[in-house]
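Visitor: Give me coordinates for this.
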Amino acid sequence: MQPTLNTPFERFALAMAFLLTFLLVVVGAFMPFVEFLMLFAFPVFCIVCAMKIERDHIKALAKAEAELSDIVVSDLKTLPQNWKAADTVFIAENVVIANDYLRAFRWMFRKIVGGESKSFSRLLARARREATLRVLRRAKQCGANVVWNIRYETSVVRSIFSKEGSNVTGVELLAYATAFNVTAE
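Guide: Next comes the predicted model:
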């Protein structure tokens, strides 16, 4: 499952974001107290929504991984000697996953003070799991029972609004592998 506006919660979150923006602009112009509340309510609402969408995506990944657990996945280059490969097909799938701006800000701060950026690590892990699942789904469509020599290429998606390009807002991950049916000799 990819994060899209297909779930009811995501549609609700988008509608509420538009409503809160409208209230901030229109009502806040006449009532400064409402504007003050909205300046704090809107970011908190967006953070909570981003956390829920990420949790839902992780649950969907775990469910899909369990469904596709019958396919063998390996990053080795050579096959065992007693295996015979048939119906070989090359598979390449990519995914782009965005980070919310609070985590991007935390990443920028971590870049200044040093240390591991856990939010960026989680983002990369989610992208890797999603790309692997896409490869496994394609392998299942091709009728393969083994995905061999899987490799990953990663690139960072930066914000168009940052002048230096230092604000990471997402990652693109390309996963490619060879899928085939294997029989033991």
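
Visitor: Quick check: buried residues in the longest helix anywhere in the chain?
Guide: In the chain, with assignment by DSSP state H, the single longest helix is helix 32-67. Judged by neighbour count (16 or more other CB atoms under 10 Å), helix 32-67 contains these buried residues: 34, 38, 42, 45-46, 49-50, 53-54, 57, 60-61, 64. No exception for glycine: its C-beta is placed from N, CA and C like everyone else's.

Visitor: can you list the residues you listed in CSV and add distance to Leu123?
Guide: Formatted as CSV, the buried residues of helix 32-67 follow (distance: CB to CB, whole Å):
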residue, distance to Leu123
Val34, 34
Met38, 28
Phe42, 23
Phe45, 21
Cys46, 17
Cys49, 17
Ala50, 12
Ile53, 13
Glu54, 9
His57, 11
Ala60, 16
Leu61, 13
Ala64, 18
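
Visitor: of those, closest to Ser117?
Guide: Nearest to Ser117, judged by CB to CB, of the buried residues of helix 32-67 is Glu54 at 15.5 Å.

Visitor: What lies in contact with the helix or strand that contains Val135?
Guide: Using DSSP states H and E, Val135 maps to helix 118-142. Under the contact criterion CB atoms under 8 Å, 6 or more residues apart in numbering, helix 118-142 has outside partners 2, 54, 57-58, 61, 64-65, 68, 71, 73, 87, 89, 91-97, 99, 103, 106-107, 110, 146-147, 150, 152, 154, 168, 170-177, 179.

Visitor: again, 7 Å this time
Guide: Residues from elsewhere that reach helix 118-142 (CB atoms under 7 Å, 6 or more residues apart in numbering): 57-58, 61, 64-65, 68, 71, 89, 91, 93-95, 97, 99, 103, 106-107, 147, 150, 152, 154, 168, 171, 173, 175, 177, 179.

Visitor: just stretch 89-99 next, same as before
Guide: Stretch 89-99 is touched from outside by 119, 123, 126-127, 130-131, 134-135, 138-139, 142, 144, 157, 168-180, with contacts defined as CB under 7 Å, 6+ apart.

Visitor: Mark which of those are buried, thanks.
Guide: With burial judged by 16+ other CB under 10 Å, the buried subset of those is 119, 123, 126-127, 130-131, 134-135, 138-139, 144, 168-171, 173, 175-180.

Visitor: still on that earlier bit, the very next helix or strand once past the helix holding Val135 vs helix 118-142, what angle?
Guide: Tracing the chain C-terminally past helix 118-142 and defining elements by DSSP H and E, one meets strand 146-158 next. If you take axes from the mean of the first three to the mean of the last three CA atoms, to 10 degrees, strand 146-158 sits at 140 degrees to helix 118-142.

Visitor: Buried residues of strand 146-158, list them for me.
Guide: Val146, Val147, Trp148, Ile150, Tyr152.

Visitor: Now do the same for Glu130: its pLDDT.
Guide: Predicted confidence (pLDDT) for Glu130: 95.
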